[in-house]
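Chemist: here is my input; please provide its structure:
(chains A and B)
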Amino acid sequence: MAKVEFRHVVKRFGDVEVIPDLNLTIEDGEFVALLGPSGCGKSTSLFILAGIYLPSGGELLFDGRVVNEVEAKDRNVGIVFQSYALYPHMTVRDNVLFPLRFKRMPREEALARVAAAGNLVQVTELLDRRPGELSGGQQQRVALARALVKEPQLLLLDEPLSNLDATLRLTMRTEIKSLQKKLGVTTVLVTHDQIEATTMADRIICLRAGRIEQIGQPDDLYRRPQSLFIAGFIVVGSALIVEALYHPPYWVHAVLWLPLIFIVTIGPLRPMKGLMIALQYHHKAAEGRFTSDDSR
Amino acid sequence: MAVLVPAVIAFWLAAMLARNRRQLWLGLTAIALIATAAFALVVGPDLHVRNFIFLVEPDFASVVRSRVGAVHGAIQFPSVWRAFGNSLLIAGSQTIVVLTVASLAAYYLSRFQFPARAAMLRSLLILHAFPVLTLIVPMFLMLYWICLLDTLFGVICVLVAFELPFAIFIMKGFFDAVPWDIEMSALTDGASRRQAFLLVVLPQVRNGLLAVAVFTFIRGWEEYIFVFTFLIRNTNWTMSLYMYYVRDDVMGVDYGVVSAVGVFYLVPSLILYVAAQRYLMQMSIGGVKG
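Modeler: Numbering: from 1, shown residues only, chains lettered A, B, ... in the order given. I've put the predicted structure just below:
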């Protein structure tokens, strides 16, 4: 279990600055979601956490200790990839056993822990099969077991649910959530699905082009989005207004369209609230920003 | 030939005319029996174990020649097992070196960015474009200067150099097909880069390794031009040279011995091909992705 801190973390790939300056604290045992559109740097931040990428600048701290130079293998981080990344040439048991092979541990104890992890995600009966013989949901569970078996101080989930079908996604969502609550492991979920983020995470970090747009509890982001971007991203159905507001000449249209949208969205009350606030925000403060955007 | 061609035609006819499976089997068995009998009749007299005399008698050429009376002028042959061992040594060590170097180089080419990476990939293919014979004279001189002429080691070096580019290219295709995620996952699971490579990435390209190994081995086994040019002493003869000199020496006297040597030469590579056939088929799949 660990408290994670980003201090002015920068990541560049050649000339491209993916993360300009990231400052973020994730509390011990917290379930945090990194939310944002593709290419916003959320997976990059995750790989920096895992130690696969080295930050180009700044410091990354685990429990107050700088871990910039600590290699991935020594960070004790569990990760679940979108593609699950199971090792196809090993049985499920060997897959889950793999992280324990690098720890000095008697084989009986290792096997017991594999069994426990398998039990936790209910894949006990699949242990002798190979990943190729499993369904997507089962592979997902195995990947989770593999990430959890070494009792990581940090669990990273890289869009773990986007390859599952809709029903399975729902059940896995609640399962991962309750698993995290049970184990109390600090968890970072990367997703571009706002529903996934709002339903699973304690706190959402909304990223845009490598910058933190807003940090808050799901409800905060939903009710009090601090920018149009958040409003457009979190609140489903407001795409039209946001689209209109992004391009200043069109906001006239937005005003014209507003009554219509108002009528359309009057049923579900909450989204409408979000929209109204977004609009207010635009009038007060955002206008300058949008015009400057336009002049570029 | 006189037996084989009619037999094949008969097989086709039987396959065409047969009305059901039972008839087909009956027809095919009958034809096979007749063909075998005919084959035994035609080549039977030449087909005897004595043709394999070369396996036990190093000076077999004299023995064979003495059958027709002319004993003089026979080349002193080394033991065939010596040649067999040399061939095995050349092909085997070539395979080992090519596999090791090619897999490491291909992995690096596939996974890392470094200056002149594209240029290197291109030059790999250009290396392969040179016809072997255009390089044989400079290579002979080079081997002479570095005192590796007439040594197996020199030949192995040359063969490895010629086999490597293509092997690297094929292996790169296989490595490219291994997803990054798996490696990243291994790294976060606590493996070092080397362990991730050995435990996770290499098993994924096992088929590629096998295919490259088989092809390299067979290339080494059948090598003729280089060994013919660079090896002089008869203790350094490989199977191909042995075959060549047997043909040279007893041809026109005893075809049976020549074909027996041919069979002996053929068997290992044939066994290898049959055993590895499954993996060779997959190479085209892996290779396309390169």
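Chemist: number of residues surrounding the closest residue to chain A within the stretch 1-150 of chain B?
Modeler: Across the stretch 1-150 of chain B, the shortest distance to chain A (C-beta to the nearest C-beta) belongs to residue B:113, at 9.3 Å. For every residue, glycine as well, the C-beta is placed using N, CA and C. Other residues lying near residue B:113 total 6 when counted by other C-beta atoms under 10 Å in any protein chain shown.
Chemist: that one: what secondary structure?
Modeler: When the structure is split into helix, strand and coil by DSSP: H, G, I helix; E, B strand; the rest coil, residue B:113 lands in coil.
Chemist: let's verify residue A:187: helix, strand, or coil?
Modeler: With three-state DSSP as the basis, residue A:187 sits in strand.
Chemist: tell me how far it lies from chain B.
Modeler: The span separating residue A:187 from chain B equals 14 Å under the rule C-beta to the nearest C-beta, to the nearest Å.
Chemist: repeat that for residue A:148.
Modeler: Taken as C-beta to the nearest C-beta, the spacing of residue A:148 relative to chain B amounts to 12 Å.
Chemist: count of residues packed around that residue?
Modeler: Using other C-beta under 10 Å: residue A:148 sits among 23 other residues.
Chemist: next one: residue A:62
Modeler: For residue A:62, using other C-beta under 10 Å, the count is 19.
Chemist: how about the residues of the stretch 151-296 of chain A near chain B?
Modeler: Contact residues, the stretch 151-296 of chain A versus chain B (C-beta under 8 Å from any C-beta of the partner chain): residue A:156.
Chemist: where do the helices sit along the stretch 151-290 of chain B?
Modeler: Listed from the start of the chain, the stretch 151-290 of chain B has helices (DSSP state H, counting those that start in this stretch) covering B:152-176, B:180-188, B:193-195, B:202-204, B:206-222, B:225-230, B:239-250, B:255-288.
Chemist: backbone torsions only: list them for the residue of the stretch 1-150 of chain B closest to chain A.
Modeler: With angles defined as degrees, to the nearest 10, residue B:113 sits at phi -100, psi 130.
Chemist: contact residues of chain B facing chain A?
Modeler: Contact residues (C-beta under 8 Å from any C-beta) of chain B with chain A: B:179, B:181-182, B:184-192, B:195, B:199-200, B:203-204, B:206.
Chemist: list only those of those residues flagged as buried.
Modeler: For these, a burial check counting by 16 or more other C-beta atoms under 10 Å in any protein chain shown picks out B:181-182, B:184-191, B:195, B:199-200, B:204.
Chemist: if we can go back for a sec, now do the residue of the stretch 1-150 of chain B closest to chain A, the pLDDT please.
Modeler: In the predicted model, residue B:113 carries a pLDDT score of 80.
Chemist: hmm, back to that, mind putting the buried ones among the residues of chain B next to chain A in TSV, pLDDT included?
Modeler: Shown next, in TSV, are these (pLDDT from 0 to 100):
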residue	pLDDT
B:181	86
B:182	88
B:184	87
B:185	87
B:186	88
B:187	86
B:188	85
B:189	85
B:190	83
B:191	84
B:195	87
B:199	88
B:200	87
B:204	86
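Chemist: any chance of TSV for the residues you listed, columns distance to residue A:94?
Modeler: Supplementary listing: those in TSV, determined by distance: C-beta to C-beta, whole Å:
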residue	distance to residue A:94
B:181	18
B:182	14
B:184	18
B:185	14
B:186	12
B:187	17
B:188	17
B:189	12
B:190	15
B:191	13
B:195	14
B:199	10
B:200	11
B:204	14
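Chemist: state the pair within these that is farthest apart.
Modeler: Distances among those were taken as C-beta to C-beta; the most separated pair is B:190 and B:204, at 19.0 Å.
Chemist: what number of residues lie near the closest residue to residue A:201 other than its chain neighbours?
Modeler: Closest residue to residue A:201 apart from its sequence neighbours, by C-beta to C-beta, 6 or more residues apart in numbering or on different chains: residue A:33 at 3.5 Å. Taking other C-beta under 10 Å as the criterion, the count of residues near residue A:33 is 26.
Chemist: contacting residues for residue A:33?
Modeler: By C-beta atoms under 8 Å, 6 or more residues apart in numbering or on different chains, residue A:33 lies in contact with A:188, A:189, A:190, A:191, A:196, A:197, A:200, A:201, A:203, A:204, A:205.
Chemist: three-state assignment of the residue nearest to residue B:154 when sequence neighbours are not counted?
Modeler: If you skip the residues right next to it in sequence, residue B:154 has residue B:148 as its closest partner in space, 3.1 Å away by C-beta to C-beta, 6+ apart. Residue B:148 carries the three-state label coil when classified by three-state DSSP.
Chemist: all set now, cheers.
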